[in-house]
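# Predicted coordinates and the sequence they were generated for:
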Amino acid sequence: MSLIEVKNAYKCYGKIKKHSVYALTDVNLTIEKGEIVGLVGESGCGKSTLGKIFLKLEKLTSGKVFFNGQDITNFSFNQMLSIRKNMQMIFQNSSNVFNPYFTVRQVLSEPLNNYFKLSYEEKEKRMTLLLKRVGLNNSYLERYGNELSGGQRQRIGIARALILNPEFVVCDEPVSSVDYAIRNQLLTLLLDLKHDFGLTYLFISHDLSAVNKICTKVVIMYLGNIMEIIPRMDENVEHPYSKALLAAALSADPHNRSEKKILFKETDEIFVPKKGCAFQNRCLYAKEICKNKKPILTQIKDGHYVSCHLCKI
Amino acid sequence: MKSENKRLFKNIIEVLMKDKLAVAGLVIVLVFLILGAFASQIAPHDPIEVVLSRKLQLPSLEFPMGTDNMGRCIFSRILYGTRVSLYNALVVLAAILAVGIPLGITAGYVGGWVDNLIMRLSDIASTFPSSLLALAIVGIAGPSMKNIMIVFIFLWWAPFARIIRGTVIKIKEKDFVTAAVSCGSSRFKIIINHIFLNSVSPIIVLSTLRVAAIIMHLAAFSFIGLGTQPPQADWGVMLNDGRQFITTNPILMLWPGLAIMFSVFGLNMLGEGFNSALLPISGEGNSQKGVKYE
């Protein structure tokens, strides 16, 4: 059964005018229970926006959001409070993730106070347990967010998201600003937690190897459009953009290193074309049809969907 | 909870203590506050007792600052004047904060037409010449300190509302507010715990600087005879009383002048100190002296 779903999602920031740019155009995405869906794409292609739309932290311009089969598109702030417990977010690492006047204890007890009436000891127990789970001890409870290192901050962010035992977690670039040792630890931690708590993740990342390591489904986005959905981000990708993205990633094996080749056309300004395929201006293989008709996401193999005129069947 | 906040508080105090001008300001402000609070205990004489036989005396042991043209002890009058001036200024400030903070937070947090309405009101209030309105009100309702104070409350909430609105808009977009929404905090909790707590620093800074301006303006109105009415002592009133003797006994004007000057100077120094100690925490200001967190 689908846990969470967006249908025909459009998102436009600011006032809607004739030529306004949409951060998301006609996005349909269903996440099943227990899946780890990876979301990859360039900076500014709408990945984080989509993640926030799932949690209703951003308002849709048009479209619908379903959670557990329930239409939550028009839920008010107070109605949302009752289901927020089940959906959490791990934020992109930045200094703004925690209130600068809050200690870790205050950060972690905020969600607990919102949903449970626990005694001081019960809260302590729960926080200590969770901190142990993310590899920290309870001496960190007294620290302020700004006194933590990047990796520690990210762990506390994970702890904050998981303290309510949610069903669905959006991880917004959880490993983007940590070194490789911590990156592996965090990924293993996320996988372990998924097995222990039966979580469902939407994993937003630039890091293709991280995505391949933990995801069961990868969604490739370009300028607010879903280009391809594939179980693994490997040589089987069909869409020209996915291929370019894959080729641009660095490989540790010298034999796999591709010669310097042109991946896509460089343009000074990236803009959303008025009609046709969103990728037409930078695509090396663009044909006449790409300029006139917008491709539809179609299934070409089991669990493999592509939105491109040139790779039909 | 208390011990954690104490630590942050200690940090702020430490930074403030390294700033010599801020310490000087703090000392001056504290001295004035204590003098004002204990005026009736410290004052050697009754501030409004007229004894014409001892008028215009120079400072002596009995009268540390001399006596004025009615033979009243200037030192006692300054002490009582401190109480009146500071008390009035603090009342005005409290009222301005009580109006400005809720309006500023509402404008910044709600946005849209509410924001527009509040900001246009604040435009009106801040472009209105306050002295002119004060004169008009006094002309209608008669000279009294209460009327002057009401005019200042009525007009001076605007800069507070504006600054708080700006801070709130900036904080509202930060990740920790989104995180608070996502972990199910109510709007009230978000506003108090996250938005208000993070706008406290600019409020403290602006308040300290504003009190100085309020003291000066209230003294100015007392000076032209529209504020505090004689025989009650007030720095502005005392300046006005001494005005006629500026050529023969300039010392009469010296004391209230010094009192105004030092209190305003002290408050401004303290405000600047707060500015550099507090604002870097909330990610504003660019002082090198501030409490370092990032």
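Noted; the coordinates are in hand.

# Could you pull up the contacting residues of A:Leu189?
Residues in contact with A:Leu189 (C-beta atoms under 8 Å, 6 or more residues apart in numbering or on different chains) are A:133-135, A:155, A:158. In short, each C-beta sits where N, CA and C put it, glycine included.

# do A:Ser94 as well
A:Ser94 touches B:Asp175, counting by C-beta under 8 Å, 6+ apart.

# which phi and psi does it have?
A:Ser94 adopts backbone torsions of phi -160, psi 170, taken as degrees, to the nearest 10.

# Next up, identify which helix or strand residue 213 is on.
All of this refers to chain A. Per DSSP states H and E, A:Lys213 falls inside helix A:208-214.

# that's the wrong chain, I wanted chain B
Assigned by DSSP H and E, B:Ala213 falls within helix B:197-223.

# For the very next helix or strand once past that helix, which residues meet the burial criterion?
Next helix or strand after helix B:197-223 toward the C-terminus (DSSP H and E): helix B:235-243. Of the residues in helix B:235-243, B:235-242 count as buried by neighbour count, 16 or more other C-beta atoms under 10 Å in any protein chain shown.

# is it possible to export those to JSON lines including distance to A:Cys12 and pLDDT?
Output for the buried residues of helix B:235-243, formatted as JSON lines (distance: C-beta to C-beta, whole Å; pLDDT from 0 to 100):
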{"residue": "B:Trp235", "distance to A:Cys12": "59", "pLDDT": "89"}
{"residue": "B:Gly236", "distance to A:Cys12": "58", "pLDDT": "88"}
{"residue": "B:Val237", "distance to A:Cys12": "62", "pLDDT": "87"}
{"residue": "B:Met238", "distance to A:Cys12": "64", "pLDDT": "89"}
{"residue": "B:Leu239", "distance to A:Cys12": "62", "pLDDT": "88"}
{"residue": "B:Asn240", "distance to A:Cys12": "63", "pLDDT": "87"}
{"residue": "B:Asp241", "distance to A:Cys12": "68", "pLDDT": "87"}
{"residue": "B:Gly242", "distance to A:Cys12": "68", "pLDDT": "86"}
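
# What is the nearest of the residues you listed to B:Phe154?
B:Gly236 (20.1 Å; C-beta to C-beta).

# Can you tell me how far that closest one is from chain A?
Separation of B:Gly236 from chain A (C-beta to the nearest C-beta, to the nearest Å): 40 Å.

# How about B:Asp123?
B:Asp123 is 23 Å from chain A, by C-beta to the nearest C-beta.

# Let me see the ranges of the helices in chain B.
For chain B, the helices defined by DSSP state H cover B:2-18, B:20-37, B:39-42, B:74-110, B:112-127, B:130-141, B:145-172, B:175-182, B:187-189, B:197-223, B:235-243, B:251-278.

# The next helix or strand after the helix holding A:Lys213: partners in the sheet, and parallel or antiparallel?
With elements assigned by DSSP H and E, the helix or strand that comes after helix A:208-214 is strand A:217-222. Using DSSP bridges, strand A:217-222 pairs in its sheet with strand A:36-40 (parallel), strand A:225-230 (antiparallel).

# Report the central residue of chain A.
A:Ile204 (2.7 Å; C-alpha atoms, centre = their mean).

# Quickly list what that one is bridged to.
Residues in beta-bridge contact with A:Ile204 (DSSP bridges): A:Leu39, A:Asp172.

# Tell me how far A:Leu108 lies from A:Lys15.
39 Å (C-beta to C-beta, to the nearest Å).

# now do A:Pro100
For A:Pro100 relative to A:Lys15 (C-beta to C-beta), the value is 33 Å.

# Compare those two (neighbour count), which wins?
Between A:Pro100 and A:Lys15, counted using other C-beta atoms under 10 Å in any protein chain shown, the more crowded position is A:Pro100 (20 against 6).

# Surely the more buried one and A:Asn146 touch.
Yes. A:Pro100 is within contact range of A:Asn146, at 6.0 Å (criterion: C-beta atoms under 8 Å).
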